[in-house]
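>>> give the three-dimensional model of this entry:
(chains A, B and C)
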Amino acid sequence: MDYLQGLNEPQLEAVTTIEGPLMVLAGAGSGKTRVLTMRIAHLITNLIDPFHILALTFTNKAAKEMKDRVAKVVGQSEAKSLWMGTFHSVFARILRSEAHYIGFPSNFTIYDSQDSVNVLKKVIKELNIDGDLYKAKKVLGRISQYKNNLITVKAYFNNPELIENDERANQKHIGLIYQKYVEACFKNGAMDFDDLLLRTNELLTRFPEVLAKYQDRFRYILVDEYQDTNHSQYLIVKALASKFENICVVGDDAQSIYSFRGANILNILNFKKDYPDAVTVSLEQNYRSTQNIVNAANVVIGKNLQQFKKNVFSENEVGEKIKVYRSLSDADEAAFVASNIWQLHNSEQMNFDQFAILYRTNSQTRAFEDSLRKKNIPYRVYGGLSFYQRKEVKDLVAYLRLLVNENDAEALFRVINFPARGIGESTQNKLIVFADSQNITVSQVLGNLGQFAPTLQLNNGIITKLADFWAMIKAFQVMLKDENAYTVAMEVAKRSGLIKTLKDDQTPEGISRVENIQELMNSMQGFIDEQQQVEDGDSSLSNFLENIALSADTQKDKKDDNTPKVSLMTIHLSKGLEFPVVHLVGLEENLFPSFMSSSTREELEEERRLFYVALTRAEKRAFFSYAISRFQWGKITDAEPSRFLSEVDSEYLELINPALESRFMNHSGLKSNIFDEAPMGETRFFKKKEPKKSLERDEPTIIPKNLKPVATAKIINPSGSSSQDIEVGDRVRHDRFGVGEVQFLDGTDPNNIKAKVIFQHEGEKNLILKFAKLTKI
DNA sequence: CACACATCGCTTTTT
DNA sequence: GCGATGTGTG
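Sure thing, here's the model as predicted:
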C-alpha cells in the first residue's frame, strides 16, 4: 500500500472511503487529481473489478492524465477495462451500442457547434423567418439551454410559461425552430453535443432494462469537477448511481466558472440533500502557492455569498506581495509584462515555461504576442480556433463523414459543390425540396437518379454532374470496405479535387491550408497506429471521426519543438494548471468583470470565482496589471481598475509604479516631457527604450490622454497632400513588402525620419518615411 | 461562379 | 480592428 504514503489525513480519508456517497471538496492546489487517481488505484487494489468502475471528467486531457497515472500504480492491464473518459465520449459510446432503442443509427454523426449553427441557419431560412431576429448562434444557445435542462420539444410546447417567456422576448418562433432543428438532426442521423447527454437521459428513463444494465455495470462512479456539471449530466449520474450509491464527486464550488454554458453550481451545493448519508471530506491545505497568494485569493472569494465555507491555507513560504502595475494602455501593459518576464528570466534563470499570462478575453492576446515577439521571447497561445474547425480540415472531414453516414445532409451539402463542380445553389435547393416532397433523404435521391431524374426538372448536364458526384462517393465507400481509413482519406483528398484546389492557392494562407490537410492525414495515421497497437482497438474511420468530434485539440498543427515557452491563455483555459509566475492582466471594470456579466449578483460571483481561479494558478509570484485606456473594437476606451483589485486587502499588494500614480492623478493634462522621464516604472522594469526624437518636444501642446505612450513621432506623408500620424506600434502597408509593424521611428528632420518596420513576410526593413509610401492600416 | 465590397457583431467555451 | 458572412456585379 505504498501508494497511500504521503497523503495527508483528509486525503487519506477520501481515498479509502470506498462504499457509499462521498463528496470531496478540494480547494485549489490541494492535490485533487492525486486523490482521484489514488482512490481508483485503491478500489482496484481492494479487488474491485475495474470493469465496474466509471470515472467521468470534463476534458480529454484530464481523462488521459488520470488514466496514465492510475496505470502507473496498478499496471497497464488492470487499468485497461476501466471506463474513464469525458461525459460526452462515455455516453457517445453507450449511445452507439444502444442507438436502436431511440431510433438512431449506431453510426450517427456528432455535430460540433459549427455544424449545429449551419443546420439552424437552414431551418430558419426554410421556415421563412426573419434571420435578423433569430440569429442562429443565439438560437442554438437557447436550444442548448433547453436541452441541458431536459426540456424536449414536447416539454417546451407543454409549458405555457416557457412559450410566454419567448414571446415576451420577441422570440415566439423559437419552439418551432427547435422542433425543426431536432427533426433535421434526426433525419441526418446526427446528434449535437447536448444530444449526447439528453438522449442518454432518454435512453435511461424510457428503457428500464438499459438503465439496469448500466447500473449493474457501473458500481463505483467517480465524477471530477462536479461543480461544472449541468442538470442533464447530474440526472444521468444520479440515475446510474441510484442502485449502489457508490458515488464519489470531487470538486470545488469556488472554481465553478462554466455556468454560462449550463453548469449548475447547485449540483454540488445540494449533494448532501441528494445523499443525506454522504460523507464530506474537505481538502484545505494548498500545496501549490505561497501564503500571500492563498490568503489574497481567500479574501476575494470570501465576498461571495453562495459558497461552502472553507479554510484553504498554505504552509509554504509567505512569499512576495502581489505586484500591481498600472499602465497607460494595452500596449504599455504588454510591454511591461514582456520586460518583466525578460528580467526574471535573466536575473533568476527562470525558463520561459514557468510564466503564464492570463486574460479574460481572447482579443487581449494580440498585444502580448507583439510585445513578446519584440523581445524574442518564445510563447505559445492556447485556445483560439481549434484545428478541426479550420475550413479546409472540416471540408475533408465532411467528405469522410458522408462516407460513414450518407444521410448526413450537413456534410453532403458542404462538399457537393466543393471543390466547385457546377452543382450550384438552385440545384441544391431543388434536391432538398424534392427529397422533402417524397419524404426521403437527399442521399436516396442521389442514389436513385435514374428513377427520379424525369421528375426532378433538372437538365441532363446537371444530372450527369450529380451522378458523377454520387458515383465518386459510392466508390469511396466501397474502397472503405477493403482499405484502411488513411488510404481512403488520401484518395478522397486527391480524387475530390480538394488538394488540387488548395495547392492552386500559393499565398502563405493557401500553403498553410495544404499543411493542415497533411497534418490531418498525419494525425489519422497516428490514430490508426495507436489503435492497432492496443488489444481490441478500433482503427475504423468512424471511430476516428468520433474521436476528433469529441476533442477540441487546438494544438495539432503546431510543430512542437521543446523550447520552453511562455503560456498565453484565457483564465477559463488555465483551470487545473499551475505556473511559478502568473501575470493576470486587463484587470479593468467591464473587461474583468466582463461588461456582459456585471448586472446580476450571480454573474458577478462567477466572475469572482474566475478571479479566484486565475490567482490560484500562481505558485510563487503573481502580477496584476490594468490599463487606464485600451483599444477595444477599434476605438480607444477609457477604463477603470477592476473592483476585484480593491477587494484584495492591501497588505497583500504592492504598487510598483507610484511615480505614474501621482503624475496621472492630476488631471491637468499630460505634458510631452512626461514621456522622457520613465513614467511607467521604466527605471525599474524597462530596459531603456529606443531614444526618441519626438517632434512633440517642440510643441508644448497638451497631449491627449489617450495618446499611445509609445508614440515617438509624427510625420508628414511624403505625398504632400495627405498627412498621417504614424506611431510606433502602428500596422502599415508597403507596396512591395506588404503588411508590417512600425518598431521605432528615428530622426528630427521631418524630411529624414527613418522607420524600422518588421514586415510579416519580408522581415525587418529600415525605411525613410519620405520615400517609403507607407499607408497606415 | 468568382470576386469585390458592405455589414455585422463582438465574453468566457472542457464537449 | 477584424473576421465571418452576406449581397451585388461582371
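>>> name the SS class of the residue of the stretch 1-150 of chain A found nearest DNA strand C, please.
Minimum separation of the stretch 1-150 of chain A from DNA strand C (CB to the nearest atom of the strand) falls at residue A:121, amounting to 5.9 Å. In short, each C-beta sits where N, CA and C put it, glycine included. At residue A:121 the chain is in helix, as set by DSSP: H, G, I helix; E, B strand; the rest coil.
>>> correct me, but it touches residue A:136?
Yes. Taking contacts as CB atoms under 8 Å, residue A:121 lies within contact range of residue A:136: 4.6 Å.
>>> need the residues touching each of those two.
Counting by CB atoms under 8 Å, 6 or more residues apart in numbering, residue A:121 and residue A:136 have no common neighbour.
>>> out of these two, which sits in the more crowded spot?
Set side by side, residue A:121 and residue A:136 show more neighbours around residue A:136, with 20 against 17, by other CB atoms under 10 Å.
>>> returning to that earlier point: next one: the residue of the stretch 1-150 of chain A closest to DNA strand C from residue A:413, what distance?
With distances taken as CB to CB, to the nearest Å, residue A:121 is found 11 Å from residue A:413.
>>> which residues in the stretch 101-250 of chain A form helices?
Listed in chain order, the helices of the stretch 101-250 of chain A (DSSP state H, counting those that start in this stretch) span residues A:113-126, A:136-148, A:153-157, A:160-168, A:174-188, A:193-206, A:208-217, A:231-241.
>>> what comes into contact with the shortest one?
Residues external to helix A:153-157 that are found in contact with it (CB under 8 Å, 6+ apart): A:146, A:162, A:163, A:175, A:178, A:179, A:182.
>>> count of neighbours near residue A:462?
17.
>>> just checking, it touches residue A:431?
No. Assessed by CB under 8 Å, residue A:462 is found out of contact with residue A:431, at 10.0 Å.
>>> nearest to DNA strand C: which residue in chain A?
Of all residues in chain A, residue A:634 sits closest to DNA strand C, at 2.4 Å by CB to the nearest atom of the strand.
>>> poorly predicted segments of chain A, please.
A:1, A:552-561, A:658-777 (pLDDT under 70).
>>> show me it divided up by domain.
Domains of chain A are assigned by the TED database as A:9-100+A:199-283, A:109-188, A:322-386+A:556-655, A:389-549, A:730-776.
>>> ok, residue A:345 - contacts?
A:351, A:352, A:377.
>>> in terms of helices and strands, where is it?
Using DSSP states H and E, residue A:345 maps to helix A:330-347.
>>> so whichever helix or strand comes after that helix versus helix A:330-347, what angle?
Of the helices and strands lying after helix A:330-347 in sequence (DSSP H and E), the nearest is strand A:355-359. Here the directions of strand A:355-359 and helix A:330-347 differ by 160 degrees (axes from the mean of the first three to the mean of the last three CA atoms, to 10 degrees).
>>> is strand A:355-359 positioned near DNA strand B?
No. Figure legend: strand A:355-359 not in contact with DNA strand B (CB under 7 Å from any atom of the strand); closest approach 8.5 Å.
>>> what residues does the stretch 51-200 of chain A put near DNA strand B?
Checking the stretch 51-200 of chain A against DNA strand B by CB under 7 Å from any atom of the strand, the hits are A:58-62, A:86, A:88-89, A:113, A:132, A:135, A:137, A:193.
>>> ok, 6 Å please
By CB under 6 Å from any atom of the strand, the part of the stretch 51-200 of chain A that sits against DNA strand B consists of A:58, A:59, A:60, A:86, A:88, A:89, A:113, A:193.
>>> how about the stretch 301-450 of chain A?
A:361, A:362, A:363, A:383, A:417, A:420, A:422, A:424.
>>> how close does the fifth one sit to residue A:212?
Yep, that's residue A:417 we're talking about. Taken as CB to CB, the span from residue A:417 to residue A:212 is 49 Å.
>>> which one of the two has more residues nearby?
Neighbour tally, residue A:417 and residue A:212, criterion other CB under 10 Å: the higher count belongs to residue A:417, 16 against 12.
>>> which helix or which strand is home to that one?
Counting by DSSP H and E, no helix or strand carries residue A:417.
>>> nearest residue to it in space, please, no chain neighbours.
residue A:423 (4.5 Å; CB to CB, 6 or more residues apart in numbering).
>>> now do the SS call for that neighbour.
coil.
>>> residues contacting residue A:151?
Residue A:151 makes contacts with A:159, A:162, as judged by CB under 8 Å, 6+ apart.
>>> any chance you could read off phi and psi for it?
Per-residue torsions, residue A:151: phi -90, psi 100 (degrees, to the nearest 10).
>>> same question for residue A:257.
Torsion angles, degrees, to the nearest 10, at residue A:257: phi -130, psi 20.
>>> the residue lying closest to it once chain neighbours are set aside: what's it in contact with?
Of all residues not flanking residue A:257 in the chain, residue A:610 sits nearest, at 5.0 Å (CB to CB, 6+ apart). Listed by CB under 8 Å, 6+ apart, the contact partners of residue A:610 are A:257, A:360, A:571, A:572, A:592.
>>> ok, residue A:413 - contacts?
A:428, A:442.
>>> now it: how far from DNA strand B?
Computed as CB to the nearest atom of the strand, to the nearest Å, the residue A:413 to DNA strand B distance reads 12 Å.
>>> same check, this time on residue A:599
Residue A:599 is 10 Å from DNA strand B, by CB to the nearest atom of the strand.
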